[in-house]
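Q: Below is the sequence, then the predicted model.
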Amino acid sequence: MGRESEGSPKLHPREAKKKRFIWILAVSGLCILSYVLGAWHGPTQPSSSQSNFYSKVGCDGQSSSILNRDESSSSLSLSSSSALDFESHHQLVVNTSEESQNFLPCDMTYSEYTPCQDQKRGRKFDRDMLKYRERHCPSNKELIRCLIPAPPNYKKPFKWPESRNFAWFNNIPHKELSIEKANQNWIHVEGDRFRFPGGGTMFPRGADAYIDDINELIPLTGGTIRTAVDTGCGVASWGAFLLKRDIISMSFAPRDTHEAQVWFALERGVPAMIGVMGSQRLPYPARAFDMAHCSRCLIPWNKYDGLYLIEVDRVLRPGGYWILSGPPINWKKHSRGWERTKEDLKQEQDAIEDVAKSLCWKKVIEKGDLAIWQKPVNHVECIQSKETSPKPEICKSNNADAAWYQEMKSCISPMPEVIDPHKVAGGALEKWPARAFAVPPRISSGTIEGITAEKFQEDNEIWEERVSHYKRIVGSLRQGEYRNVMDMNANLGGFAAALIKYPVWVMNVVPGNQDPDTLGVIYERGFIGTYHDWCEAFSTYPRTYDLIHAGNVFSKYENRCDITYILLEMDRILRPEGTVIFRDVVEVLVRVKPITDGMRWNSRFIDHESGPFNPEKILIATKSYWTGESKQEH
């Protein structure tokens, strides 16, 4: 992309796009004319001037076939032996003068590198409220320009649903959990693989039986509960077995509280990310989850004036449930095993009960090892009760959705106002799966500026067409080769919605400071996601996503940070032989491709689903398989 001279008038983006589109049409027309004239005059060898012309405008006769993933991406030159056919030969083939930079592998010590949760860097921060376990990203001077190696003998993960129960040992070579949690059935080592029996500290009979116990207390079937959050998730067995009930859980736990627990969850094909309840808000919008869960997650719910329960209240939907098992619940039975006094445990439970009451929650039931509370559907009665019990007060001026590097607030996040005490604040949701395509309340109420119900429906239609195009390009999508999918720029969640017919889940990512903020819409549709800034590393382990969709990501970030580091981060989190779908304007993609070439990715340009004349193009890239078997220099 050339820069305008200082004296040149700056074109409006719409005019610039129009001008670029006209230029592409003109070039494509010249290609057609040249080809027709060449065919008319016979299959003669082109002159040097003709060759130069073809080179400049990109009329090299590249095949448009995209169905074979193994076909070469190199251009096919016209020759006297070329047979006439009826395939399209006039796509715009973009050449770039940028040379590929070959990136070397990092040292094997980086094989498990998580840049923003690096343990050495974390030790420099305060241990109070687990601040040292929060996100602390490297400075620009600390960024590395090498490729994170896979461990020796890395294998493609098991397909879902088999992956729920098995993972290859060589992919995550850690036995610590199988020893530490041996009597709790978290994970077993069996030869060259791990087996996940589905157990947990508080569910020795298995996650399925534990979920059945919950289902007897609150309705987990019928589609009313769709999204859940699991704090301190372990290997995410709770989330894994909720999936067959059409409930999707965002599971999180700190980096290496128990070695690689979140990594195991993702290897199983279960949604999870590295995270902690410390001093900052969880990276999710307000009113996101229908259910929150803690099974001996060791979070001090009664400390800091109930700050952590206040944060759970922020992310819970109106009428949402909070489930607690483990200390201090059922302390009369478990106090000896927990090596705590009954007085201490009773005091802790009383404090939790007081905080829940101050949030206007209602205790639904306590039975055995389970206790369940429910958030009110609105704040009509809560506002009245605050006249006599003011603490914690309801926040007066607070953007409840703001959650990217935001400190937790000690006040209750206000729900949208209603007059009728029986009305659901913010609007009631449809049951799943109708919820996925019903107009979300945040849109129907007009709270998302510039997005109407009509635009929402149009977006769904666009993504249905795009995914139909993708499944022809990426055959593995329908064959079950992919499980963990990420949409780096999710907007309204249309990509995830169009994928619900496939055996995948999608991590929908929305920029932390985007205006308008659409992550709340995505959760209202029954999907999960997180806020994130792609100028920083994502909170996950290496090699945890099978398919990444990057729609207009680099147009959004190219003036904010070096796109090379975004691509290196994508390489870090993408599995060997994983795929990336880039869609952006040509000028951006021609800057992306040389970098992907240098990262050992195989890529090829594909026409837009509407045809070759659309200035937006698609770049399909596949990460090649290689491991760090031999010692490499950093």
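A: Looks like it came in fine.
Q: what helix or strand does Glu569 sit in?
A: If you go by DSSP states H and E, Glu569 is part of helix 563-573.
Q: what's the distance between that helix and the middle of its chain?
A: Offset of helix 563-573 from its chain centre (C-alpha atoms, centre = their mean, to the nearest Å): 15 Å.
Q: could you check the angle helix 563-573 makes with the next helix-or-strand element following that helix?
A: Following helix 563-573 in sequence order, the next helix or strand is strand 574-585 (DSSP H and E). Per axes from the mean of the first three to the mean of the last three C-alpha atoms, to 10 degrees, the angle that strand 574-585 makes with helix 563-573 is 140 degrees.
Q: neighbouring contacts of the helix holding Glu569?
A: For helix 563-573, contacts defined as C-beta atoms under 8 Å, 6 or more residues apart in numbering pick out 101, 103, 113, 115, 143-145, 147-148, 486, 534-535, 537-538, 540-545, 548, 550, 553-554, 557, 580, 591-592, 595-596, 599, 601, 623. From N, CA and C alone the C-beta is placed, and that goes for glycine too.
Q: Dihedrals phi and psi, the residue nearest to Arg123 when sequence neighbours are not counted?
A: Excluding the flanking residues, the one nearest Arg123 by C-beta to C-beta, 6 or more residues apart in numbering is Tyr132, at 6.3 Å. Tyr132 adopts backbone torsions of phi -70, psi -20, taken as degrees, to the nearest 10.
Q: how about Tyr132, what does it touch?
A: Contacts of Tyr132 (C-beta under 8 Å, 6+ apart): Gly122, Arg123, Lys124, Phe125, Asp126.
Q: Out of the residues you listed, who's the most crowded?
A: Neighbour tally across these (other C-beta atoms under 10 Å): the maximum, 20 neighbours, falls on Gly122.
Q: For that one, give me the pLDDT.
A: Looking at Gly122, its pLDDT reads 92.
Q: wouldn't it be in contact with Arg133 here?
A: Yes: contact criterion C-beta atoms under 8 Å: Gly122 and Arg133 qualify, at 6.2 Å.
Q: residues shared between the contacts of those two?
A: The contact sets of Gly122 and Arg133 overlap at Arg255 (C-beta under 8 Å, 6+ apart).
Q: Now stretch 401-418: buried residues?
A: 401-404, 406, 408-409, 412-416, 418 (16 or more other C-beta atoms under 10 Å).
Q: List only those of the contacts of helix 563-573 flagged as buried.
A: By neighbour count, with 16+ other C-beta under 10 Å, the contacts of helix 563-573 hold 103, 113, 115, 143-144, 147-148, 486, 534-535, 537-538, 540-545, 548, 550, 553-554, 557, 580, 591-592, 595-596, 599, 601, 623 as buried.
Q: Among those residues, which lie within strands?
A: In strands, defined here by DSSP state E, the members of the buried ones among the contacts of helix 563-573 are Met486, Tyr545, Ile548, Ala550, Val580, Trp601, Lys623.
Q: quick one: which two of the residues you listed are the most distant?
A: Met486 and Trp601 (16.1 Å; C-beta to C-beta).
Q: Closest to Lys617 out of the ones in strands among the buried ones among the contacts of helix 563-573?
A: Among these, Ala550 lies closest to Lys617 (C-beta to C-beta), at 12.7 Å.
Q: correct me, but that closest one touches Phe495?
A: No: in this structure Ala550 lies outside contact range of Phe495 using C-beta under 8 Å: 10.9 Å.
Q: All the helices of the stretch 501-634 of the chain, in order from the start?
A: Under the criterion DSSP state H, counting those that start in this stretch, the stretch 501-634 of the chain contains helices at 519-524, 553-557, 563-573, 586-598.
Q: hang on, His532 packs against Val509?
A: Yes: the criterion here is C-beta under 8 Å, and His532 meets it with Val509 at 4.9 Å.
Q: what about the two, which has more around it?
A: Shown here are His532 and Val509; by other C-beta under 10 Å, Val509 has more neighbours (24 against 21).
Q: who touches the more buried one in this structure?
A: Val509 touches Met486, Asp487, Met488, Asn489, Ala490, Gly529, Thr530, Tyr531, His532, Trp534, Phe538, counting by C-beta under 8 Å, 6+ apart.
Q: Of the residues you listed, just say which sits nearest to Arg268.
A: Relative to Arg268, the closest of the contacts of Val509 is Met486; by C-beta to C-beta it sits at 16.5 Å.
Q: low-scoring stretches of the stretch 151-300 of the chain, by residue?
A: 177-185, 257-258 (pLDDT under 70).
Q: Please enumerate the strands of it.
A: Remark: strands assigned in the stretch 151-300 of the chain by DSSP state E, counting those that start in this stretch are 166-168, 188-190, 193-195, 227-231, 248-253, 272-274, 289-295.
Q: what lines up beside the first one in the sheet?
A: Based on DSSP bridges, the pairing partners of strand 166-168 within the sheet are strand 193-195 (antiparallel).
Q: Would you mark the buried spots in the partner strand?
A: For strand 193-195, the neighbour count (16+ other C-beta under 10 Å) marks Arg193, Phe194 as buried.
Q: measure the residue nearest the centre of the chain to Ile618 for me?
A: When C-alpha atoms, centre = their mean is applied to the chain, the residue found nearest the centroid is Met507 (2.5 Å). Distance from Met507 to Ile618, counting by C-beta to C-beta, to the nearest Å: 21 Å.
Q: swap in Glu587?
A: Separation of Glu587 from Ile618 (C-beta to C-beta) stands at 14 Å.
Q: Give the residue from those two that has the larger number of neighbours.
A: Using other C-beta under 10 Å, the more surrounded residue of Glu587 and Ile618 is Ile618, with 22 against 16.
Q: mind listing what that one touches?
A: Going by C-beta under 8 Å, 6+ apart, Ile618 touches Ile473, Ile581, Phe582, Arg583, Phe605, Ile606, Asp607, His608.
Q: Okay, and the beta partners of it?
A: Under the criterion used here (DSSP bridges), Ile618 is bridged to Arg583, Ile606.
Q: Point out where the chain drops to low pLDDT.
A: Applying pLDDT under 70 to the chain flags residues 1-100, 177-185, 257-258, 630-634.
Q: Give me the number of neighbouring residues for Pro300.
A: By other C-beta under 10 Å, the residues close to Pro300 number 15.
Q: Surely it and Tyr308 touch.
A: Yes: using C-beta under 8 Å, Pro300 is in contact with Tyr308, at 7.1 Å.
Q: if I pick Tyr308, what's in contact with it?
A: Met277, Ile299, Pro300, Trp301, Met408.
Q: quick one on the thing from earlier: for the buried residues of stretch 401-418, work out which two are farthest apart.
A: Trp404 and Val418 (28.1 Å).
Q: my read: Lys593 touches Arg604, true?
A: No: between Lys593 and Arg604 there is no contact under C-beta under 8 Å: 9.2 Å.
Q: ok, the two, which is more surrounded?
A: Lys593 (21 against 18).
Q: what about the residue nearest to that one when sequence neighbours are not counted, neighbour count?
A: Leaving aside its sequence neighbours, Lys593 sits nearest to Ser603 (C-beta to C-beta, 6+ apart; 5.8 Å). By the measure other C-beta under 10 Å, the count of residues near Ser603 is 21.
Q: and Ser603, how far is that from Lys156?
A: With the distance defined as C-beta to C-beta, Ser603 ends up 20 Å from Lys156.
Q: next one: Ser325
A: Taking C-beta to C-beta, one finds Ser325 at 35 Å from Lys156.
Q: Look at the two and report which has more neighbours.
A: Ser325 (23 against 14).
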